[in-house]
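Undergrad: After the sequence you'll find the predicted model.
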Amino acid sequence: MLSFRLFITSLSQNCKHVIPSASAVSRKNYSSSMENEENYDVIVTGGGMVGTTMACALANNRRLEDKKVLLLEGSAKKEYKLQEQYSNRVVALNQETRTLLSSLGVWKHIEATRFCPVRKMQVWDAYSDAVITFDENHLSEELAYIVENDLLLDAINKQLSEKKNVTVAYESKIADVKLPKMSSEFATVQLQSGKQYRTRLLVGADGVNSLVRKAMGVAYPNWRYDQLGIVATLKLSEPTENVVAWQRFLPTGPIALLPLTDSLSSLVWSMTSEKAKELLQVTEEEFVDRVNEALWRDYPKNSIVEGGMQALRQLLAEFSLQTGVSRQLQPSIAAIVEGSRAAFPLGFGHAASYIRPGTVLIGDAAHRVHPLAGQGVNLGFGDVTVLTQILAEAVMDGGLINDMMYLEKYETLRQRHNVPTMLVIDALHRLYRGTATPIVLTRSLGLQLMNAIPQVKKILMDQAAGRTILKF
Ligand SMILES: Cc1cc2nc3c(=O)[nH]c(=O)nc-3n(C[C@H](O)[C@H](O)[C@H](O)COP(=O)(O)OP(=O)(O)OC[C@H]3O[C@@H](n4cnc5c(N)ncnc54)[C@H](O)[C@@H]3O)c2cc1C
């Protein structure tokens with residue numbers, strides 16, 4: 001596999017590498033000869049959740065706090081105002097992300113505003129009785145936290161505004177980037193306005209259509225799922241202690257409910273683009289009926305699958321393992337919060353390399369996944385954690401902030417975590433689209449078996465929590 005080849009290559013390169021001293025690269029290059037250029041140690045392109053957190057993490061790190069950082073965002077600054085109505089764009093954040101946000105002082109703003117902990121997850125198959133549940137007992141901590149995207153970005157920006165060495169430039173759409181051939185040279189960024197900046201290290205956090213990634217010329221295997229993810233805020237038919245994340249795999253795509261309050265949940269429902277466009281047009285009453293149907297409809301059960309599941313249950317019972325019969329009933333939906341429906345295209349993409357001299361990719365610029373596992377932004381936050389640690393290490397060891405040996409280490413560590421996670425997510429997506437008996441039987445037995453073995457569950461939960469990233 002490509003990533004593992006890269007991993008081996010970069011390991012062997014690491015072994016040969018000698019760390020250059022800071023003085024090995026002439027510092028006088030640092031002052032620009034061009035009048036309209038400004039120089040920065042680091043330029044982060046893209047002020048989304050990941051890019052903004054990167055700027056904040058750089059400024060927050062003791063070893064890096066003297067670095068001059070510029071964050072460039074193409075759109076205008078959005079003033080956040082807490083509304084009574086929840087935003088329809090939310091993310092499920094894992095424990096590693098929470099740890100990062102706490103260490104940056106961001107989490108306290110979220111805590112003081114609103115979020116919802118997830119204490120249990122139930123995932124089940126529409127075509128069989130296979131079910132897997134996760135709860136706090138498996139990890140002795142909350143499984144995830146549901147936070148609105150705009151609140152999260154505002155919380156990061158609040159912290160960032162306290163950092164003296166970071167300049168944030170909004171309405172700064174990048175038109176072109178020129179990347180250095182060697183680490184001793186500078187990257188140049190040109191805005192649509194004509195303004196130019198130079199930097200030792202360009203961090204591409206400019207999302208799925210990253211200009212930085214395109215300028216790097218790296219291979220980017222990617223595909224569209226021909227699916228849209230419909231999001232909406234839903235009112236539950238009965239208020240309850242709403243701390244469960246539900247996901248049902250339908251042949252047309254997964255439907256998930258993420259808890260917001262005792263009476264509200266956030267919907268993420270993936271389906272073909274054609275069906276999604278139709279569902280965006282139907283009345284809100286009709287939409288609620290379709291959601292309830294997706295959550296509750298009985299699909300025809302296949303006798304071979306039933307027989308296989310029954311045999312597995314007997315076998316598990318003999319070993320005193322969980323048979324999976326203790327399924328909790330999913331909620332019903334009473335209404336949709338008016339005007340909260342929207343849809344987003346879904347796809348997969350992975351940059352074969354995250355680095356070039358003086359350049360590094362993070363977040364969706366480097367990798368894009370299907371939202372079925374709620375991992376997209378968590379992978380990006382994992383990039384931020386590791387890149388910050390490694391840049392600090394480079395500086396502490398007397399190297400330059402763009403030292404290739406350290407950037408290679410970042411790439412290796414992140415690809416080792418990101419690639420398997422992404423491949424599993426893509427495989428799940430494909431596996432659950434199939435309705436042929438052998439496919440339904442295989443996945444049902446697999447899911448039931450995973451549910452029965454606590455050690456396997458723990459591994460799955462650790463991976464989802466982002467924990468493997470810290471095993472350097
Ligand atoms: C329906 C749905 C549900 C999801 N749910 C989850 C979830 O539960 N958990 C999870 O972890 N992830 C989830 N995700 C994924 C998550 O939303 C993304 O991974 C995340 O938004 C990526 O953040 P980012 O900062 O890397 O990129 P982006 O959010 O795309 O930010 C990129 C920024 O770069 C700026 N930019 C782009 N080009 C330029 C340019 N030329 N010049 C200047 N600025 C530029 C853009 O304006 C933007 O602000 C979900 C995604 C979808 C679609």
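TA: All right, it came through fine. Numbering: from 1, shown residues only.

Undergrad: Tell me if I'm right that residue 78 and residue 149 touch.
TA: No - using C-beta atoms under 8 Å, residue 78 makes no contact with residue 149, being 10.9 Å away. Glycine gets a C-beta too; all of them are placed from N, C-alpha and C.

Undergrad: and the two? which has more neighbours close in?
TA: Using other C-beta atoms under 10 Å as the criterion, residue 78 and residue 149 rank with residue 149 on top: 15 against 12.

Undergrad: ok, the residue nearest to that one when sequence neighbours are not counted to residue 245 distance?
TA: Nearest non-adjacent residue to residue 149, counting by C-beta to C-beta, 6 or more residues apart in numbering: residue 89, 4.3 Å away. The gap separating residue 89 from residue 245 is 16 Å, by C-beta to C-beta, to the nearest Å.

Undergrad: And residue 280, by the same measure?
TA: Where residue 245 is concerned, residue 280 sits at a distance of 24 Å (C-beta to C-beta).

Undergrad: Tell me who's in contact with the residue of the stretch 1-150 of the chain found nearest the ligand.
TA: In the stretch 1-150 of the chain, the residue that lies nearest the ligand is residue 48 (2.2 Å; C-beta to the nearest ligand atom). Residue 48 makes contact with 153, 205, 207, 363-364 under the criterion C-beta atoms under 8 Å, 6 or more residues apart in numbering.

Undergrad: before we move on, what about residue 348?
TA: Neighbouring residues of residue 348 by C-beta under 8 Å, 6+ apart: 222-223, 225, 368-370, 422, 426.

Undergrad: Which strand residues bridge it?
TA: residue 223 (DSSP bridges).

Undergrad: Not counting sequence-adjacent ones, nearest residue to residue 190?
TA: Residue 190 sits nearest to residue 176 (C-beta to C-beta, 6+ apart), 4.4 Å away.

Undergrad: returning to that earlier point: and the contacts of residue 48, which are buried?
TA: 153, 205, 207, 363-364 (16 or more other C-beta atoms under 10 Å).

Undergrad: which SS class is residue 202?
TA: What DSSP: H, G, I helix; E, B strand; the rest coil gives for residue 202 is strand.

Undergrad: That one: neighbour count?
TA: By the measure other C-beta under 10 Å, the count of residues near residue 202 is 29.

Undergrad: And residue 444, by the same measure?
TA: Residue 444: 24 neighbours (other C-beta under 10 Å).

Undergrad: For it, give me its contacts.
TA: Per C-beta under 8 Å, 6+ apart, neighbours of residue 444: 125, 127-130, 305, 308-309.

Undergrad: Can you say which helix or strand has it in it?
TA: Assessed by DSSP states H and E, residue 444 sits inside helix 437-452.

Undergrad: same question, residue 280
TA: Using DSSP H and E, residue 280 falls in helix 273-281.

Undergrad: And residue 188, by the same measure?
TA: strand 187-191.

Undergrad: can you pull the buried residues of the longest helix that the chain contains?
TA: Counting by DSSP state H, the longest helix found in the chain is helix 404-431. Judged by neighbour count using 16+ other C-beta under 10 Å, the buried positions of helix 404-431 are 404-419, 421-422, 424-426, 428-429, 431.

Undergrad: ok, back up a step: can you mark which positions in the helix holding residue 444 are buried?
TA: 439-441, 443-445, 447-452.

Undergrad: For that helix, give the mean pLDDT please.
TA: Average pLDDT, helix 437-452: 80.

Undergrad: That one vs helix 404-431, what angle?
TA: Interaxial angle, helix 437-452 versus helix 404-431 (axes from the mean of the first three to the mean of the last three C-alpha atoms, to 10 degrees): 120 degrees.
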